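Peer 1: just coords:
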């Protein structure tokens, strides 16, 4: 569960988690309140299907303002405004103002605000807050993971053929086609596949045992910075982009320990290394 931490670091992580929960909660309330008008102001980013709303921008501005008040001088890396300069020298906040913006646009209630604190390349605290349900997922390194007041633990899954696996897809059509071929090779080897549209919440779902594993290519740090820590602290085996040192490229993967190696083997057979 996240490795060994000193008492000082655990205390610091708990303090940072409290800040993440507070700030993400305030942004989630804003996102919920302004949705009806926010989705009338929509721009695109990497493609016509990759959208950003006025709600995304307003939430990130609020998060930056509150972090500047509560944690002055600490850099912030956000999906909409970038930043993060100086992060290599200490603590950096990594922010996704709305993870699952397409869901937000359509009114599909599976989206969240994600706020994480990272130190020396590792998440040490984070929160993922759902504006619609009000659920608060949070974790501090060495101190476990929680959904509201309930401690989290991954599923005891030990058979891949009886496992429920979540995934996501890129916005670029060519890459989506390659990802579809991987899913075609995986479908007959697992219980079923889920695709919800929010990486942060899929990672939290692994932590809760709602799914047995999750994988996706092409995520950015703000997509997984908080959710991956929640999954890891709940006992998931974790692989993050650029850290595994193997042929899996920019894959993000969290899985119950009993199926992780089998899932990786099947993904390789299905061609995931070519995605």
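Peer 2: It's in. Small disclaimer: the values here were computed from a predicted structure and weren't measured.

Peer 1: hang on, residue 201 in a strand?
Peer 2: No. Applying DSSP: H, G, I helix; E, B strand; the rest coil, one finds residue 201 to be helix, outside a strand.

Peer 1: confirm for me that it is in contact with residue 227.
Peer 2: Yes. Using C-beta atoms under 8 Å, residue 201 makes contact with residue 227 at a distance of 7.0 Å. C-beta coordinates here come from the backbone N, C-alpha and C atoms, glycine included.

Peer 1: find the residues that touch each one of the two.
Peer 2: Both residue 201 and residue 227 are contacted by 99, 128, 137, under the criterion C-beta atoms under 8 Å, 6 or more residues apart in numbering.

Peer 1: give me the more crowded residue out of residue 201 and residue 227.
Peer 2: For residue 201 versus residue 227, neighbours defined as other C-beta atoms under 10 Å are more numerous around residue 227 (35 against 25).

Peer 1: OK, contacts around the nearest residue to that one once chain neighbours are set aside?
Peer 2: The shortest distance from residue 227 to any residue other than its chain neighbours is 3.2 Å, reached at residue 203 (C-beta to C-beta, 6 or more residues apart in numbering). By C-beta under 8 Å, 6+ apart, the residues touching residue 203 are 128, 214, 224, 227-228, 230-231, 254.

Peer 1: run the last query once more with 10 Å
Peer 2: Contacts for residue 203 (C-beta atoms under 10 Å, 6 or more residues apart in numbering) come out as 99, 114, 128, 137, 166, 211, 214, 216, 219, 223-232, 234, 236, 238, 252-254.

Peer 1: before we move on, what about residue 263?
Peer 2: Shown in contact with residue 263 (C-beta under 10 Å, 6+ apart): 157, 160, 163, 165, 186, 189-190, 212-213, 215, 237, 253, 255-256.

Peer 1: tell me where the stretch 51-200 of the chain has helices.
Peer 2: Using DSSP state H, counting those that start in this stretch, the helices found in the stretch 51-200 of the chain span residues 54-70, 101-106, 173-187, 199-208.
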